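>>> What shape does this take:
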Amino acid sequence: QVQLVESGGGLVQAGESLTLSCVDSGRTFRHDPMGWFRQAPGKEREFVAAITWTGSSTFYTDSVKGRFTISRDSGEDTVYLQMNSLKPEDTAVYYCAADPEGDYYKPTSWGGWGQGTQVTVSS
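Okay, the predicted model is just below:
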């Protein structure tokens, strides 16, 4: 059973920071890449960041490069998304994803999903 549990969302002002966490409670994906997606109201789910299972490679969508950092603690089966300099356009539900096959940037490539955590950035 897929058990990806996100936390850390909230309401912040523009320019502030948040750190999202995703725990793989079933320890299912410790040897798989993991990622973060987001979905704003009325928009499609979009790729944000991904990290290989070793943590040696990371990938970001252009709009968050230099502001967001993805990392993982394999011992804790947890993936993090550090988000700095947040902007109102970052407002969305953020989803943790795991077990990709193929293009990391496509939601359909990912086999496991968390329930999502809301991030709201006020101007």
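
>>> Please make it C-alpha for all contacts and neighbour counts, starting now.
Will do.

>>> List of residues touching stretch 25-42?
Stretch 25-42 has contacts (CA atoms under 8 Å, 6 or more residues apart in numbering) with 1-5, 24, 45-54, 74, 77, 79, 81, 91-100, 107.

>>> just stretch 54-65 next, same as before
31, 47-52, 70-72.

>>> Now with 6 Å, please.
48-51 (CA atoms under 6 Å, 6 or more residues apart in numbering).

>>> which one of those is nearest V121?
Using CA to CA, V48 is the member of the contacts of stretch 54-65 that sits closest to V121, with 16.2 Å.

>>> Using the three-state scheme, assign that closest one.
At V48 the chain is in strand, as set by DSSP: H, G, I helix; E, B strand; the rest coil.

>>> Looking at per-residue confidence, what score does it get?
With respect to pLDDT, V48 has a value of 98.

>>> Begin at 41 from now on, thanks
Sure, I'll start counting at 41 from here, so that last one is V88.
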